[in-house]
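Trainee: okay, predicted coordinates and the sequence, questions at the end:
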Amino acid sequence: MQIRIRETDFTLLAEKALWRPDTAQLIIADIHLGKASHFRKAGISIPADSVLEDMRRLDHLMKTQQPKEVILLGDLFHSSYNREWHLFEAFLESFPDVRFILIKGNHDILKKHRYELPNFSVTDTLEDEQFLYSHEPLEHATKFVFSGHVHPGVTLSGKGRQHLSLPCFHVSSNQAVLPAFGKLTGLYILDRNERDSYYLVYNGMIRELR
Amino acid sequence: MSLAKTWFTQKGWKPHKFQKETWAAIKAGKSGLLNAPTGFGKTFAIWFGVIQHFHDHPKPERHQLHCLYISPLRALSKEIFLATNRVSRDLGLPYSVELRTGDSSMKDRTRQKKDKHQALITTPESMHLMLATKGYKEQFSNLEFVIIDEWHELLGSKRGVQIELALAHLKAMKPDLKVWGISATIGNMEQAKEILLGSVSGHTEIIKANLEKKITINTVLPDEIEKFPWGGHLGLKLLPKLVPIIEESRSTLLFTNMRSQAETWYQQLLEQVPDLAGRIALHHSSIDFETRKWVEEQLHSGDLKIVVCTSSLDLGVDFRPVDTIIQVGSAKGVARFIQRAGRSGHSPGEQSRIYFVPTNSLEIMEGSALKDAVKHQLIESRIPYVRSFDVLIQFMVTLGVSEGFASENLYREIKTTHAFQSVTPDEWQWCLDFITRGGQSLGAYDEFHKVVLEDGLYKVTSRSIAARHRMNIGTIVGTSMMNVKVLGGKNLGTIEEAFISRLRPGNVFWFAGRNLALHSVKEMTAIVRASKEKNGIIPSWLGGKMPLSSQLSASIRKALTHYKEGGKPDAELKKLKPLFDLQQEVSHLPGNDELLIEKLKTREGYHLFIYPFDGRLVHEGMATILSYRIGLLTPVTFSISMNDYGFELLSDQDINIEDLIDNNLFSDEFVYEDAVRSINSSQMAQRRFRDIASIAGLVFTGYPGQEKKTRHLQASSQLFFKVFEDNEENNLLLLQAYDEVINFELEISRQQAAFRRIGTQRIVVTYPTKPTPFCFAIMVARFREVYSNEPIEVRVEKLLKQIEKK
């Protein structure tokens, strides 16, 4: 789905990622890699296969979009180090020509040396003339802000007392919050307002709520 | 002379027959089940048998643990602790008793490990905690007796399964262990004995106390039924009628079914009857332990006129001054009603006296039904849990934390229990895999770590995993709770974190019988100060809604039929006449040979109301099965609501119920199969899984001071449910959730009986134009189930169309 922000085209992807064609940037929030392993290491038996699914989706996106740069809007890795990190290292190696930039999130607590990889860098925020990239949503006087952290979702209610909660992109006049990419993540249900736009993601589809 | 005789003579008391019988049975080396109500000296019936045995069998290692007394309630444990210690002191017997519950301090526990005592009074959870402590084998090496108090309470819960496992393990260590249970009367007494003593060697017996008390039952009726609400559950409308009852009684216990309801009643009583101030108290399980203890002491001394309480006062020692019980709202079961009634009238020559206060008009029928059910002693059975893999997995890790276990030995032990007798070697292996490899083969990146096999023993080697497991032992799953503390003052009790998180500092809420303003939140404590503002919000605690038992449901159908067939109505049914007349006028009043269905269209959508009068549990299952059957013909989404009399299927499309009835919608064939198939499309299994995930150690609620460390390890049970469904559909915990739905939510045997009965009934469909007396309460219920077999994109499109039209 195409949207236009500050005279720039963006594509909202049903894979829960954002694509900026003019700069070939792929923007992804809250992958929470390593979550399953973190649990398993502590003796909590969550099936480890769920991990590979996120990696597969990531790989698929790289191949279909062919980005030059990937901006990770924080919470890339769920907690302290575990071996799942090497899956991500291997993934980086397979795309040596792509730059990966991590905007540090509250979950990104790995030791510095883990991030010392050739095509990878870490920063607190990132900005260009028009846009600012942050982990947590924030207001900026002039720039439009892209963020994650919230894991936004909306609940639809209708006749017959039906309710359905779905992840969404939340876009307002000066901010956009991306849905969480990782499978092992929850939803935070937003209170909807008239001014903002909400783009629902379900079953590999994306659709605006008007 | 026996110790009992000496002591009873000393006190100038005469033992009951059942007490003498129990002493004789214990002397003969038997195990057994004592069937006696609360009070009446049931503890002494067992206790003197135990200490007599100690007295008669002098052994060199007399300083080791001789008797373990397990009671479900901490408050009860305390009473038993005081009573038994007094006996030792009176008799000068070197038999010291200790108390160990969740309240015991670390200091006490360490001292208890060192100090030698002969008996320990504890709870199922603390018992398992002991099994999670190194050296327990040594500690229990001279154990002779295990006493399980209030076995009827434990039996129908997973705590009962915990007891079964602990007993099997102790009996493997001490084959001649003697086990005694104490139980109030339940429908399946013989089965209760079998489950408790199943693997005990030697003779066992049931000893009956036969001391049931006479009960007087009165229903408090509204003056004008026309002005009495059709729905609702608070019952405040009848409060003025209770004032004279309370005034004329010496001391009254007023039972409500929910904590929030107790808070409201306390508040309203104080407001409407101001001179109760100082003579009224509040007692429920979220109120601070010390405060509750104080209330109980005041009840004993007769200083309180009335205590508003919940099930927190169902069990325990008797309060002699209490001569009146008030039950607000349905008691849901005959046994619970009798139990509560029995909390009154313990002075010599007194009877139990209970007033039933209906909260809505149809509930008045229950007063009539209760009298009949009590007269015929239609007492419910307790259905035991079986194949609770969550409890089994917890237990395996518990033993892993302390001394480790050998697979073959433990498998042999658990096979002797009722709960796990059907576990196959493959299932056992699955459990072992689950705790050692996280349920799958370890991949290259996997660092799963919980239980490891070392020299033939399964053990937990990580200290942090062991510590977290100990914190998590137990089967009572709560939501995350916060302490409520007065600024610079005392603890008031606990409230759900979710409630506090919705408040901002300065917001006023009503808790523990007072208006409080939130001051600040510090870790897991909400700091409050007193507020003069009126009308604070009352917190709601999550809690299961109790279903009406099949015994009480049958009695209600009987009362309705009696009325319909022109039998002589009692006061309750007479009062209901105008309401029944109205129901007949706008719809229909069904008799025993009829099933009423009401069809109604409102702004909300298309409603179908169906009234089997079978209790909320059966209705929930039946609604799901019918949804499934309707969904076979056309994809559909239903919002389901139910109460104890009927249920509603609410949809956004018109359902042609007449055709469906002709097409065998209510067929009693394939009820089980349809139930199994319908579960997938409902949320029942997912909800069941919440407890299972927590007991099995997948999900844990934070504990004070530990939040930061464990925050990254927290995930919701729904997430686990989804991931297991996607990646590991043969997960035994997942299958257990489905089994529990079939056995406890759908109560399949009751379900089949209900469908068979409907098969013999005439179906009457009416088309009222506005809500009827019967449907009103169901229609306004907020808590709802969802059934859907429509594809998600269809549901999204439909919902969006409605939202976007506006």
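Mentor: Great, that's in hand.
Trainee: mind checking how far B:Ser788 is from B:Val636?
Mentor: Counting by C-beta to C-beta, to the nearest Å, the gap from B:Ser788 to B:Val636 is 7 Å. The C-beta positions use only the backbone N, C-alpha and C, and glycine is treated the same way.
Trainee: secondary structure element for B:Val676?
Mentor: Assigned by DSSP states H and E, B:Val676 belongs to helix B:671-679.
Trainee: against which helices or strands is that helix packed?
Mentor: Judged by 3 or more C-beta pairs under 8 Å, 6 or more residues apart in numbering or on different chains; DSSP states H and E, the packing partners of helix B:671-679 are helix B:616-633, helix B:748-759.
Trainee: chain center to that helix: distance?
Mentor: Offset of helix B:671-679 from its chain centre (C-alpha atoms, centre = their mean, to the nearest Å): 26 Å.
Trainee: put the alpha carbons of that helix into PDB.
Mentor: Backbone C-alpha positions of helix B:671-679 (Å, rounded to 0.1, in the frame of the first residue of the first chain) are rendered in PDB as follows:
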ATOM      1  CA  VAL B 671     -22.700 -34.700  21.000                       C
ATOM      2  CA  TYR B 672     -19.200 -35.700  22.100                       C
ATOM      3  CA  GLU B 673     -17.800 -35.600  18.600                       C
ATOM      4  CA  ASP B 674     -19.400 -32.200  17.900                       C
ATOM      5  CA  ALA B 675     -18.100 -30.900  21.200                       C
ATOM      6  CA  VAL B 676     -14.600 -31.900  20.300                       C
ATOM      7  CA  ARG B 677     -14.800 -30.300  16.900                       C
ATOM      8  CA  SER B 678     -16.400 -27.100  18.200                       C
ATOM      9  CA  ILE B 679     -13.600 -26.300  20.700                       C
END
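Trainee: list the buried ones in it?
Mentor: Buried residues in helix B:671-679, counted by 16 or more other C-beta atoms under 10 Å in any protein chain shown: B:671, B:674-679.
Trainee: could you pull out the strands for the stretch 301-450 of chain B?
Mentor: B:306-309, B:324-328, B:352-357 (DSSP state E, counting those that start in this stretch).
Trainee: over to the stretch 501-650 of chain B?
Mentor: Assigned strands in the stretch 501-650 of chain B, in chain order: B:508-511, B:514-522, B:525-530, B:594-602, B:605-611, B:637-642, B:647-651 (criterion: DSSP E, counting those that start in this stretch).
Trainee: which residue packs closest to B:Tyr628, ignoring adjacent ones?
Mentor: Counting by C-beta to C-beta, 6 or more residues apart in numbering or on different chains, B:Ser678 is the residue found nearest to B:Tyr628 once chain neighbours are left out, at 3.5 Å.
Trainee: quick check: pLDDT value at residue 69.
Mentor: Picked chain A for this. On pLDDT, A:Glu69 comes in at 96.
Trainee: hmm, I had chain B in mind actually
Mentor: For B:Tyr69, the model assigns a pLDDT of 96.
Trainee: sec struct for it, please.
Mentor: Of the three states, B:Tyr69 takes strand under DSSP: H, G, I helix; E, B strand; the rest coil.
Trainee: where does whichever residue of the stretch 301-450 of chain B sits closest to chain A land on pLDDT?
Mentor: Ranking the residues of the stretch 301-450 of chain B by distance to chain A (C-beta to the nearest C-beta) places B:Lys450 first, at 3.1 Å. For B:Lys450, the model assigns a pLDDT of 90.
Trainee: most remote residue from the middle of chain A, which is it?
Mentor: Centroid-distance maximum for chain A: A:Gly160 at 34.1 Å, with C-alpha atoms, centre = their mean.
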